[in-house]
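K.L.:
My questions are about this predicted structure, shown below with the sequence.
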Amino acid sequence: GDSVTQMEGPVTLSEEAFLTINCTYTATGYPSLFWYVQYPGEGLQLLLKATKADDKGSNKGFEATYRKETTSFHLEKGSVQVSDSAVYFCALSDGSGNTGKLIFGQGTTLQVKP
Amino acid sequence: DTAVSQTPKYLVTQMGNDKSIKCEQNLGHDTMYWYKQDSKKFLKIMFSYNNKELIINETVPNRFSPKSPDKAHLNLHINSLELGDSAVYFCASSYGQGVFGNTIYFGEGSWLTVV
């Protein structure tokens, strides 16, 4: 079945460092790909998405490119801030388009230190 | 205005009790979901409803019973609560079953602790 694999956390960075969180997927059909963020004690918020190959999603300085050839959707940010500390989830939607359910990776915790 | 709202946000209850979590969305979406996040933060879908019709039921115990009185509401009732039910439960909604990349919007979660 479809699945998503993210890099193990926690990822600890200093403020203004470059961030990469790796995400690879296995899917049939043509899934859409998403990054969600969960700040401490809060719910899930959509960070960005891409619906077809080579699309780049971007938001709040974060970006990710849908790479069909490498089945990847890595999250990047050029300069992280303390306020970016959160858990980041990569997800894909059902590629067959019949159910719309999201399949999540295991989440990667990011800690940014001043 | 909150798009997907859940109540209660926190719930502590004893084993064996029956409890409900309510969810409402004001986005005009036709599909609603319940997801469960366990203690390791792993998220998994439980149910989805499209226009009040059950679409997904992911091998969830019969003690969990979703109810959708209309397409703006999806409540989750849990009977005979067990310790293992302790988790964060997220309600979510989207247009058209989330197909073709339609964004699924999540509520803030309901933290359930069974003691």
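P.N.:
That came through, no problem. Numbers count the residues shown, from 1 in each chain, chains lettered A, B, ... in the order given.
K.L.:
how about the residues of chain B near chain A?
P.N.:
B:31, B:33, B:35, B:40-45, B:48, B:55-56, B:90, B:92, B:94, B:96-109 (Cβ under 8 Å from any Cβ of the partner chain). For every residue, glycine as well, the C-beta is placed using N, CA and C.
K.L.:
Now find how far off-centre the worst-scoring helix or strand of chain B on mean pLDDT is within its chain.
P.N.:
Scoring the helices and strands of chain B by mean pLDDT, DSSP states H and E places strand B:53-57 at the bottom, with a mean of 85. The gap between where strand B:53-57 is centred and where its chain is centred comes out at 12 Å by Cα atoms, centre = their mean, to the nearest Å.
K.L.:
Could you do stretch B:72-83 as well?
P.N.:
On Cα atoms, centre = their mean, the centre of stretch B:72-83 falls 8 Å from the chain's centre.
K.L.:
now the end-to-end length of it.
P.N.:
Terminal residues of stretch B:72-83 are spaced 30 Å apart (Cα to Cα, to the nearest Å).
K.L.:
which residues sit in contact with residue B:32?
P.N.:
Residues near residue B:32 by Cβ atoms under 8 Å, 6 or more residues apart in numbering or on different chains: B:23, B:25, B:48-49, B:68, B:71, B:73-74, B:91-93.
K.L.:
switch to 10 Å and redo it
P.N.:
By Cβ atoms under 10 Å, 6 or more residues apart in numbering or on different chains, the contact set of residue B:32 is B:4, B:23-25, B:47-52, B:55, B:66, B:68, B:71-75, B:91-94, B:104, B:107.
K.L.:
In ChimeraX, select just the buried ones from those.
P.N.:
A single ChimeraX command is used to select the members of these judged buried by 16 or more other Cβ atoms under 10 Å in any protein chain shown:
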select /B:4,23,24,25,47,48,49,50,55,66,68,71,72,73,74,75,91,92,93,94,104,107
